[in-house]
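Participant: here is my input; please provide its structure:
(one chain, ligands or ions: 3)
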Amino acid sequence: MPKDPVILEGNGPRHVAIIMDGNGRWAQARGRPRLFGHHAGARRVREVVEACPELGIKYLTIFAFSTENWKRTQVEVAGLMSLFRRYIAKETRALDARGVRVRFIGDRVRLDDKLIDLMDNLEAQTAGNDGVNLTIALNYGGRDEVARATKRLAEDVAAGKLRPADVDEQTLPRYLDTCVLPDPDLVIRTSGEARISNFLLWQSAYSEYEFIDTLWPDFSASELARLCHAYGARDRRFGAVKA
Ligand code: IPE
Ligand code: IPE
Ligand code: MG
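Facilitator: Ligands and ions are numbered 1, 2, ... in the order given. Next comes the predicted model:
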């Protein structure tokens, strides 16, 4: 596939977050089970990660499994967990070789030990890399994240490490799973749904949004490039009026 010319000149998003939606409908359109779509979706991630450096994207955060996705059938949930284990085992070496630094956000308590081991290993193995920062949101929910953060903050207050009067907009994010990441500049959701489904609630307060019809397994590096160029043309005012 021909590549789009890279003419971002520093105007592109530094942090892109993606709600990778539409795997089920993609499979359904082919008369295949939903998991077939999830496998096809997982294969798209590599191309997107590899496209980041030349688009100037330093942080890529992808929504893989939400705290609400446990409501799906046992077959789908088990299939997704197995896919995550296989994906991590298979991709660890390639991600490391490309200098990608991988982190996971979300609550690990409901995940199985084997998966947690693979996640720990991938984070540890890539901890020294300074290429693209890939963050995978797994059993992630924005409300759950804020609730967990608040619990830890309250514990620090109870322990006398933090005074209630000192809690401000800078304090709370230090307790979020994303504490070391900048806020996303651009949030993309595939599959035509115009909602954020509990993704990065605090962090995306001032993000630009793109809701596109493409189903995630059809998403490509050239579409990402197009969205990054469109982002570069937007006027981000953050509530102020330009002089
Ligand atoms: C996104 O695709 C992947 C996950 C939520 C795990 P979906 O599985 O939600 O696909 P649709 O929305 O049913 O098409
Ligand atoms: C959001 O997609 C979660 C992920 C992409 C992992 P969903 O398909 O779960 O969202 P809803 O249910 O349509 O809002
Ligand atoms: Mg969906």
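Participant: state the helix or strand in which the residue in the chain that ligand 2 sits nearest to lies.
Facilitator: Using CB to the nearest ligand atom, the single residue of the chain nearest to ligand 2 is Ser197, 3.6 Å away. In short, each C-beta sits where N, CA and C put it, glycine included. Counting by DSSP states H and E, no helix or strand carries Ser197.
Participant: need the contact list for it.
Facilitator: Counting by CB atoms under 8 Å, 6 or more residues apart in numbering, Ser197 touches 19, 21, 63, 66, 68.
Participant: so the fourth one is in contact with Asn198, correct?
Facilitator: Think Ser66. Yes: contact criterion CB atoms under 8 Å: Ser66 and Asn198 qualify, at 5.9 Å.
Participant: what do these two both touch?
Facilitator: Gly141.
Participant: comparing the two, which residue is more hemmed in?
Facilitator: Neighbours were counted for Ser66 and for Asn198 using other CB atoms under 10 Å; Ser66 has more, 20 against 17.
Participant: any low-confidence regions in the protein?
Facilitator: Per-residue confidence for the chain (pLDDT under 70) gives these ranges: 1-9.
Participant: strands of that one, start to end?
Facilitator: Assigned by DSSP state E, the strands in the chain fall at 15-19, 59-66, 101-105, 133-140, 186-189, 208-211.
Participant: and those as TSV, adding distance to Trp202?
Facilitator: Formatted as TSV, these follow (distance: least, CB to CB, whole Å):
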stretch	distance to Trp202
strand 15-19	12
strand 59-66	13
strand 101-105	12
strand 133-140	12
strand 186-189	13
strand 208-211	15
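Participant: of all these, which one is nearest Val167?
Facilitator: strand 101-105 (21.9 Å; CB to CB).
Participant: okay, now the sheet partners of the closest one, with direction.
Facilitator: Take DSSP bridges as the rule and strand 101-105 pairs in its sheet with strand 133-140 (parallel).
Participant: centre of the chain to stretch 60-69, how far?
Facilitator: With CA atoms, centre = their mean, to the nearest Å as the basis, stretch 60-69 stands 7 Å off its chain's centre.
Participant: can you give me the buried ones in that stretch?
Facilitator: 60-67, 69 (16 or more other CB atoms under 10 Å).
Participant: just stretch 231-243 next, same as before
Facilitator: Taking 16+ other CB under 10 Å as the criterion, stretch 231-243 shows 231-232 as buried.
Participant: how about stretch 123-140?
Facilitator: Buried-residue list, stretch 123-140, by 16+ other CB under 10 Å: 126, 129, 131-140.
Participant: and the residue of the protein nearest ligand 1?
Facilitator: Closest point on the chain to ligand 1, by CB to the nearest ligand atom, is Gly24, at 2.7 Å.
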